[in-house]
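Asker: Pasted the sequence and its predicted model underneath.
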Amino acid sequence: MVCPFCAHNDDKVIDSRASDGGKVIRRRRQCLKCKKRFTTYERVEELTRLTVIKRDGTRVAFSRENILRGVQAACGKRPVPEDARQRVVDEIEEEVYRTYEREVPSAEIGQLVCLKLRDLDEVAYIRFASEHRRFQDVGELEREVKELTSRVKDVKEQAKLF
């Protein structure tokens, strides 16, 4: 730290304490040149807030809870363990923060949810996809189900084909 009195860049910490409910560390320092004491505060840097651009063009703050609510609704009473649902939301949140800096289209989040649910539970996937992709008729839903049933699900099933 640079001393506010003499601008020297060498000091020692005399005392450190938590402040503001543990969110801030208050440090008493002493300049090694002029011997004057001063206080500094250390705070955790806030994560960059992401904004979600909705279909209608409005912008809202990114919310993990909204994703969880959608996953919970899609899974409904399906035999999908709660920890698996939470893991899906964790993975989506991680991917969104890794890929986007400031703004993310809601359609991209919906696509990530679709990809995760497709591997987790096919019925939950269809439930979510019908809302996300806004199927216009039964034919679209039927095509989606056919595509889902024709895809190879994992490496073990791929081995059965050969």
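Answerer: Perfect, I can see it now. All values reported here derive from a predicted model rather than from experimental measurement.
Asker: Give me the phi and psi angles of Tyr41.
Answerer: The phi/psi pair for Tyr41 (degrees, to the nearest 10) reads phi -130, psi 140.
Asker: Might one say that it is in contact with Arg28?
Answerer: No. Taking Cβ atoms under 8 Å as the definition, Tyr41 is not a contact partner of Arg28, at 11.0 Å. (Glycine included, C-beta is placed from N, CA and C.)
Asker: Compare neighbour counts for the two and give me the winner.
Answerer: Arg28 (14 against 10; other Cβ atoms under 10 Å).
Asker: Could you list the buried residues of the strand or helix carrying that one?
Answerer: For Arg28, the element it lies in under DSSP states H and E is strand 24-31. Under the neighbour-count criterion of 16 or more other Cβ atoms under 10 Å, strand 24-31 has 27, 29-31 buried.
Asker: Point to the helix or strand of the chain where mean pLDDT is at its lowest.
Answerer: The least trusted helix or strand in the chain, going by mean pLDDT, DSSP states H and E, turns out to be helix 155-161, with a mean of 43.
Asker: mind giving me the domain split of the chain?
Answerer: Annotated domains of the chain cover 11-43, 51-138 [automatic domain parsing].
Asker: can you pull out the helices in this protein?
Answerer: Along the chain, counting by DSSP state H, helices occupy 64-75, 82-99, 106-120, 122-132, 138-150, 155-161.
Asker: Within the sheet, what are the partner strands of the strand holding Arg28, with directions?
Answerer: Here strand 24-31 has these sheet partners by DSSP bridges: strand 11-19 (antiparallel), strand 37-43 (antiparallel).
Asker: Centre of the chain to the shortest one, how far?
Answerer: Yep, that's strand 37-43 we're talking about. Strand 37-43 sits 32 Å away from the centroid of its parent chain (Cα atoms, centre = their mean, to the nearest Å).
Asker: hey, C-alpha coordinates of that strand in CSV?
Answerer: Provided in CSV are the C-alpha atoms of strand 37-43 (Å, rounded to 0.1, in the frame of the first residue of the first chain):
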residue,chain,number,x,y,z
ARG,A,37,-0.7,4.8,10.9
PHE,A,38,-3.5,4.5,8.4
THR,A,39,-6.5,2.1,7.8
THR,A,40,-7.3,0.1,4.7
TYR,A,41,-10.3,-2.0,3.9
GLU,A,42,-10.3,-5.2,1.8
ARG,A,43,-13.5,-6.4,0.1
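Asker: which other residues reach that strand?
Answerer: With contacts defined as Cβ atoms under 8 Å, 6 or more residues apart in numbering, strand 37-43 is touched by 1, 3-5, 14, 19, 23-31.
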